[in-house]
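S.K.: Make a model of this:
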Amino acid sequence: MKIMYQGKVIATINGAPSISDGVQIAQSALNQSISHTDIDLIPENARELKKVIRGYIADKAGDSNSLLGTTTDGMQLLLHAFSQLNVALSSASSLAEVRAAAEPFNELATGFLAKVEAGEVSLPFQIKGVENVVSDIENRATQVAEILKSNQA
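M.R.: Predicted structure coming up:
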């Protein structure tokens, strides 16, 4: 990983430091106080690139626990909405009852979709690509399932 300051390489290290570690390395090399906005971390391989991107995500969007909390909230919201819809649809006998079943979360869904379509909200799967996301889900799910299978009593 190269650590750049004002367009010049000030350090090259093996591995991928966090942004705060990069700042400390730069401060030591320059013998002056600098901000994280003053340096660039230039990855030299895919592993370092992934680490840098995850560092930027942690700095801007929240640490892993915060992201996990938001993901959990989203999944619980979806499970609640799906459960309500499923229960209401199972007893619906007319189109009006089907529409009524969808109503509780329709306003929320409509507003959310409008923000996505207007570009106010960006979803990571759109950037990564649906095929890549589905492939990641399939691979990770299979790996976890295999571990669970091999460790059953």
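S.K.: Please name the nearest non-neighbouring residue to residue 11.
M.R.: Leaving out its chain neighbours, the residue that sits closest to residue 11 by C-beta to C-beta, 6 or more residues apart in numbering is residue 3, at 4.3 Å. To be clear about C-beta, it is placed using only N, CA and C from the backbone, and glycine gets the same treatment.
S.K.: Am I right that the one you found sits in a strand?
M.R.: Yes. Counting by DSSP: H, G, I helix; E, B strand; the rest coil, residue 3 is located in a strand.
S.K.: Now for it, how many residues are close by?
M.R.: 21 (other C-beta atoms under 10 Å).
S.K.: hang on, isn't it packed against residue 18?
M.R.: No. Applying C-beta atoms under 8 Å as the test, residue 3 and residue 18 come out as separate, 11.8 Å apart.
S.K.: Could you pull up the residues touching the residue nearest to residue 11?
M.R.: Residues near residue 3 by C-beta atoms under 8 Å, 6 or more residues apart in numbering: 9-13, 17, 22, 25-26, 29, 39-42.
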